[in-house]
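Colleague: Sequence first, predicted model second:
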Amino acid sequence: MWREQLPALAIAVPLAAAPIAALLKAGRTAWALTTAASGVSFVIALLLAGAVSSHNELSYAVGSWPAPYGIELRITSFSALLLLIITGASSVALLAGGQSLDAEVTPVRRPFFYAAWLLALGGLAGIVASGDAFNIFVFMEVSSLATYILIAGGSDPRALTAVFKYLIMGTVGATFYLIGIGLIYMMTGTLNLIDMEARIADVADLKPILAAVGFVTIGLVLKAGVFPLHVWLPNTYAWSPHIVTAFIAACSTKVSLYVLLRFDFMVFQGSLADHHLQFSGFLMPLAVLAILVGSGVAIVEGNLKRLLAYSSVAQIGYVVLGASLMTATGLTAGIVHMFNHALAKGTMFLAVACLATRVPSLRLENLAGIGRLMPWSTAAFMLAALSLIGIPGTAGFIGKWYLISAALEEGALGLAVVAVIVISSLMAVAYVWRVAEIACFRAPPGPDTATREAPPQMLVVLWVAALANIWFGLLPGRPLSLSGEAAMTLLGQLQ
């Protein structure tokens, strides 16, 4: 019986803890409650990941109303993997970031800040657990509004302009998604995703459905930061509190990509002729441009957090590229890369938070000699950077290896895709080397040359995350099996 309640508890635990956190006066108490609730959610995600498979999905009928008449929560291998990413990123960021957030968030704001964190966590979990299209929108708005608060909750005034742009773009994306869902509901009379796919096949006039496909796809592509609709992303990552960046960079865009893939494969492609060709033809060029342009801008970017943000634009391109190949291997590559990129980029932003305890301005020239002054923080950053590049033995290598394998199945087109992957990996070496050369091979600019690391709690959590990049590079079993099961489930809609 307890296992049947897990899908609901994954959402209910952080949402129930949010108002309690807002009522607490002491910021550290609110941090402790938020961290505990996030940790419980992570344990629930681990249990769900162990319980599901491609042949064993978990369904929860809210209010005991059966689907499609009532609201359904459905945990698949794909959603279980995303829950691991969301709750894991939240828990690691909170464990590492208590002191960092104390420095960036004023005491009077902290209870509300942590309440917003829990709402963002619950909203993101709700998106991936929901089997109902409208409730995905509801949870999307809950998580988005809370995330705006997190981004603007620090001390950097530049975050206000960044979050305003994010708010405008996020609202446009959510509105497009809602218009698309309204058109589908008008033609099918259902909001349940599984029922929706079955009913679309019986619709005589497909023009409103085709319009809905455009609205839903554009809305989700915008919220996922897919090139060229990524303009909100660099400044959002750059000016957020450092620990907030570690959280949202690891999971927020992945959740939007999850919804995009779920709709396009499980709702549209099973019932609309040639939609898979349109999906591939539309997204593959954007993925290639994202990979090359994002990596190119990262090479010349002078701010460390913006450099990593443009790197994320490129990494989102890898996920989209794998999906656009429309094969089991390609989809597996894209999905497992979500996990591996969350691991690598989350670790890198945690390392940035550690470096910022000594170097508040994260312009690259200000990091000269930081490798000598903060060797442990810098080493963890470089280890995660190797995973981002895709060095064998790291988690990042797994996704790129599967992506290259999938591309080689496609003949001449595949060779061009492999060339893009190799070139972009070399570009990643270039922008990582820029950071390494400044941090490790230049002399510190100031008189303070004593070794002084980040607080021990931050450093311990950082190294756990850094070593996880090696662990999942050598033993990728469970993320890879969940990704493979998710890919087969998505492609099963086309058979």
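Modeller: Structure's in. What do you need?
Colleague: CA atoms only for whichever strand or helix holds residue 18, dumped as PDB, please.
Modeller: Using DSSP states H and E, residue 18 falls within helix 2-23. C-alpha atoms of helix 2-23 as PDB (Å, rounded to 0.1, in the frame of the first residue of the first chain):
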ATOM      1  CA  TRP A   2       2.800   2.500   0.800                       C
ATOM      2  CA  ARG A   3       4.200   2.200  -2.700                       C
ATOM      3  CA  GLU A   4       0.900   3.300  -4.200                       C
ATOM      4  CA  GLN A   5       1.100   6.600  -2.300                       C
ATOM      5  CA  LEU A   6       4.600   7.500  -3.500                       C
ATOM      6  CA  PRO A   7       3.600   9.400  -6.600                       C
ATOM      7  CA  ALA A   8       1.400  11.700  -4.500                       C
ATOM      8  CA  LEU A   9       4.000  12.000  -1.700                       C
ATOM      9  CA  ALA A  10       6.700  13.100  -4.100                       C
ATOM     10  CA  ILE A  11       4.600  16.300  -4.700                       C
ATOM     11  CA  ALA A  12       2.800  16.600  -1.400                       C
ATOM     12  CA  VAL A  13       5.900  16.600   0.900                       C
ATOM     13  CA  PRO A  14       7.600  19.800  -0.500                       C
ATOM     14  CA  LEU A  15       4.200  21.600  -1.100                       C
ATOM     15  CA  ALA A  16       3.100  20.800   2.500                       C
ATOM     16  CA  ALA A  17       6.400  22.000   4.000                       C
ATOM     17  CA  ALA A  18       6.300  25.300   2.000                       C
ATOM     18  CA  PRO A  19       3.800  27.300   4.200                       C
ATOM     19  CA  ILE A  20       5.500  26.000   7.400                       C
ATOM     20  CA  ALA A  21       8.900  27.400   6.100                       C
ATOM     21  CA  ALA A  22       7.200  30.700   5.400                       C
ATOM     22  CA  LEU A  23       6.000  31.000   9.000                       C
END
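Colleague: List the contacts of that helix.
Modeller: The contact list for helix 2-23, computed with C-beta atoms under 8 Å, 6 or more residues apart in numbering, reads 30, 33-34, 36-38, 40-41, 44-45, 47-48, 51, 58-60, 62, 73-75, 83, 87, 111-112, 114-116, 118-119, 121-122, 125-126, 129, 139. Every C-beta, even on glycine, is put in place using the N, C-alpha and C of the backbone.
Colleague: Can you select the buried ones from the residues you listed in ChimeraX?
Modeller: Selection command for ChimeraX covering only the buried members of the contacts of helix 2-23, criterion 16 or more other C-beta atoms under 10 Å:
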select :30,33,34,37,38,40,41,44,45,47,48,58,60,62,73,74,75,83,87,111,112,114,115,116,118,119,121,122,125,126,129,139
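Colleague: In strands only, show me the contacts of helix 2-23.
Modeller: Using DSSP state E, the subset of the contacts of helix 2-23 located in strands is 58, 59, 60, 73, 74, 75.
Colleague: would TSV of the residues you listed with distance to residue 428 and pLDDT be doable?
Modeller: Below are the ones in strands among the contacts of helix 2-23 laid out as TSV (distance: C-beta to C-beta, whole Å; pLDDT from 0 to 100):
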residue	distance to residue 428	pLDDT
58	37	83
59	41	83
60	41	81
73	38	89
74	36	88
75	34	89
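Colleague: Now the residues you listed in a markdown table, please, with extra columns for distance to residue 103.
Modeller: Converted to a markdown table, the ones in strands among the contacts of helix 2-23 look like this (distance: C-beta to C-beta, whole Å):
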| residue | distance to residue 103 |
| --- | --- |
| 58 | 41 |
| 59 | 44 |
| 60 | 40 |
| 73 | 38 |
| 74 | 41 |
| 75 | 38 |
